[in-house]
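In: How does the following fold in three dimensions:
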Amino acid sequence: MVAFLGILMALTAFLVLPPSSASAETSDDEQEVTDFYFAGVITFDDEPVEGVVMEIEGNGFKGETETDADGKWRLYVPEKDKYTLTVDEKTLPDGVIVDASLLPEGTQPIAGTTASFEVEFGLTGTKIMNLFLGEGQRITVSFIDQLLSRLVGGLNFGLLLALASMGAALIYGTTRLSNFAHAEMVTWGGLVALVTTTFWHLPLWAGIVAAVVGGGLFGWALDAGIWRPLRRRGLGVVQLMIVSIGLSLALRYAFQYLIGGDTRQLPGASPAPIQFGPISLSYIDMIGMGVSIVVILGVAFFLTRTRIGKATRAISDNPQLAAASGIDVDKVVRYVWILSGTLAAISGILWAYFRPGVKWDMGAQMLLLIFAAITLGGLGTAFGALVGSLIVGIAVEVSTLWIPSDLKYASALVVLIVILLVRPQGLLGRRERLG
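Out: Prediction:
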């Protein structure tokens, strides 16, 4: 009787077992079958090519398969996202490469290779990628050439990051506020440029001017409407920081409500790159780097040669002494917020072209890097933020030579930890007595 009851209970458990607890379905080549996959056929001279290894990587996922006797392949992925698809050229016939002129519409090879492509889904969960082989010479890039290319890319990223970081550093230096809403000030710049050019169909130069002016007005409005009243009420820095976190979330989702969750492109995004030896730069990259350098030099002149700039530095050093010396602290702080909003807006436009695209949370994607650059260079100093941003930008891009691109932003935080263990006050910060 006991044995019968045991068999009955086991049978009942089996019958009521939910489908989700069953083992996941796998394909013939041991891939986990999902609702999302890339597939296609590889042919050469209208004949299928068997045994070509296909690899896919992105969003922390890696997978591979190989073509069958009919040249067909299929790669399953866990979710709809952007991935890097690579054809293992060692498995191709001798003297044969992927014919870039016959790639599917909207697909471009990654610079420096003939066999790696950025791919993403359309409206459905499947993407067909038929690839055609042709005779040609395979492109290989030496480590030194890759290093030079990454260094220039890191310098480009570091310069646009510096614009946002210098503004946030000036705010911290004059108010001791770690402004988490600074990310939304960056997003605001790209958002105004997008609305002006794409929605209102005005020229790009008008969108840039509107974004820069709008950034300054946004900084002024935040200080006049929120931060100055809170300072006058005597709130502490921790309370102000918590307010900035709430403000960041409110602004972020307000932006999502206005433009939706899609990524939208500014006019002229993703132009064809220009080769300078191993270095690949588009004309937008070169313009962006030039603009960043000019703006940074302008900020340096403002801080070192103008009365308000010198007052800003005095307040950063000792706000009580600056006030006792007759400096109007509230007035200087107001100018700092306007300058910070302007720098953040310029950075937002450049970030929209670097990513590329404007998205409702684009500023939040670089917020931790902004704080890392400020801390690395030395809290409260704009020039320290500049140095920290360049280090972070170069570290982020160069690290992709050894680690997956999905982890590249973590490398900047590793550099931050290592340097702070050696020099806790940051590279250009001053050691302070505690207690």
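In: Return the list of helices and strands in contact with the lengthiest strand in the chain.
Out: Secondary structure of the chain per DSSP state E: the longest strand is strand 36-44. Where contact means 3 or more C-beta pairs under 8 Å, 6 or more residues apart in numbering; DSSP states H and E, strand 36-44 is packed against strand 72-77, strand 82-87, strand 126-128, strand 131-135. (Glycine included, C-beta is placed from N, CA and C.)
In: Dump those strands to CSV, plus distance to Trp402.
Out: Formatted as CSV, these follow (distance: least, C-beta to C-beta, whole Å):
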stretch, distance to Trp402
strand 72-77, 24
strand 82-87, 16
strand 126-128, 29
strand 131-135, 28
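In: Nearest approach to Ile370 belongs to which of these?
Out: Judged by C-beta to C-beta, the one of the helices and strands packed on strand 36-44 that comes nearest to Ile370 is strand 82-87, at 23.7 Å.
In: Show me what the closest one is in contact with.
Out: 38, 42, 52-59, 61, 75, 77, 98, 110, 115-120, 129, 131, 405 (C-beta atoms under 8 Å, 6 or more residues apart in numbering).
In: What is the helix or strand following it packed up against?
Out: Using DSSP states H and E, the helix or strand that follows strand 82-87 in sequence is strand 96-98. With contacts taken as 3+ C-beta pairs under 8 Å, 6+ apart, strand 96-98 sits against strand 131-135.
In: quick one: the strand it packs on to strand 82-87, angle?
Out: Between strand 131-135 and strand 82-87, the angle comes out at 40 degrees (axes from the mean of the first three to the mean of the last three C-alpha atoms, to 10 degrees).
In: And the average pLDDT for strand 131-135 is what?
Out: Average pLDDT, strand 131-135: 78.
In: Now do that strand: which elements does it pack against?
Out: The elements that strand 131-135 packs onto, with contact taken as 3+ C-beta pairs under 8 Å, 6+ apart, are strand 36-44, strand 96-98.
In: and Ile417, which of the helices and strands packed on strand 36-44 is closest to it?
Out: strand 82-87 (28.4 Å).
In: Give me the buried positions along the closest one.
Out: Tyr83, Thr84, Leu85, Thr86, Val87 (16 or more other C-beta atoms under 10 Å).
In: Tell me which two in the residues you listed are the farthest apart.
Out: Every pair of the buried residues of strand 82-87 checked by C-beta to C-beta; the farthest is Tyr83 and Val87, at 13.6 Å.
In: so what strands line up beside the longest strand of the chain?
Out: strand 47-48 (antiparallel), strand 72-77 (antiparallel), strand 126-128 (parallel), strand 131-135 (parallel) (DSSP bridges).
In: ok, back up a step: mean pLDDT for the helices and strands packed on strand 36-44: which is lowest?
Out: strand 131-135 (a mean of 78).
In: Give me the pLDDT for the most centrally placed residue in the chain.
Out: In the chain, the residue lying closest to the centroid (C-alpha atoms, centre = their mean) is Gln365, at 5.3 Å. With respect to pLDDT, Gln365 scores 87.
In: what do you get for the one 5 residues further on?
Out: At Ile370, the pLDDT value in this model is 93.
In: Tell me which residues are up against the helix or strand harbouring it.
Out: Ile370 belongs to helix 367-377 when assigned by DSSP H and E. Under the contact criterion C-beta under 8 Å, 6+ apart, helix 367-377 has outside partners 161-162, 164-165, 168-169, 172, 178, 180, 182-183, 383-389, 391-392, 396, 409, 412-413, 415-416, 419-420, 426-429.
In: Mark which of those residues are part of helices, please.
Out: 161-162, 164-165, 168-169, 172, 182-183, 383-389, 391-392, 396, 409, 412-413, 415-416, 419-420 (DSSP state H).
In: Pick the most buried one from the helices and strands packed on strand 36-44.
Out: strand 72-77 (a mean of 20; mean count of other C-beta atoms under 10 Å).
In: so how far is that one from its chain's centroid?
Out: Mean-position distance between strand 72-77 and its chain equals 28 Å (C-alpha atoms, centre = their mean, to the nearest Å).
In: pretty sure Ile315 is in a strand, no?
Out: No. According to DSSP: H, G, I helix; E, B strand; the rest coil, Ile315 belongs to no strand; its state is helix.
In: Am I right that it is in contact with Lys331?
Out: No. The pair Ile315 / Lys331 is not scored as a contact, 10.6 Å apart, by C-beta atoms under 8 Å.
In: Show me which of these two is the more surrounded one.
Out: Ile315 (22 against 11; other C-beta atoms under 10 Å).
In: Need the CA coordinates for the longest strand of the chain. PDB is fine.
Out: Extracted in PDB, the C-alpha atoms of strand 36-44 (Å, rounded to 0.1, in the frame of the first residue of the first chain):
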ATOM      1  CA  PHE A  36      15.200  35.400 -31.200                       C
ATOM      2  CA  TYR A  37      17.800  34.400 -33.800                       C
ATOM      3  CA  PHE A  38      19.900  35.500 -36.700                       C
ATOM      4  CA  ALA A  39      20.100  33.100 -39.700                       C
ATOM      5  CA  GLY A  40      21.100  33.000 -43.300                       C
ATOM      6  CA  VAL A  41      23.000  31.200 -46.100                       C
ATOM      7  CA  ILE A  42      26.700  31.500 -47.100                       C
ATOM      8  CA  THR A  43      27.400  31.000 -50.800                       C
ATOM      9  CA  PHE A  44      30.400  31.300 -53.200                       C
END
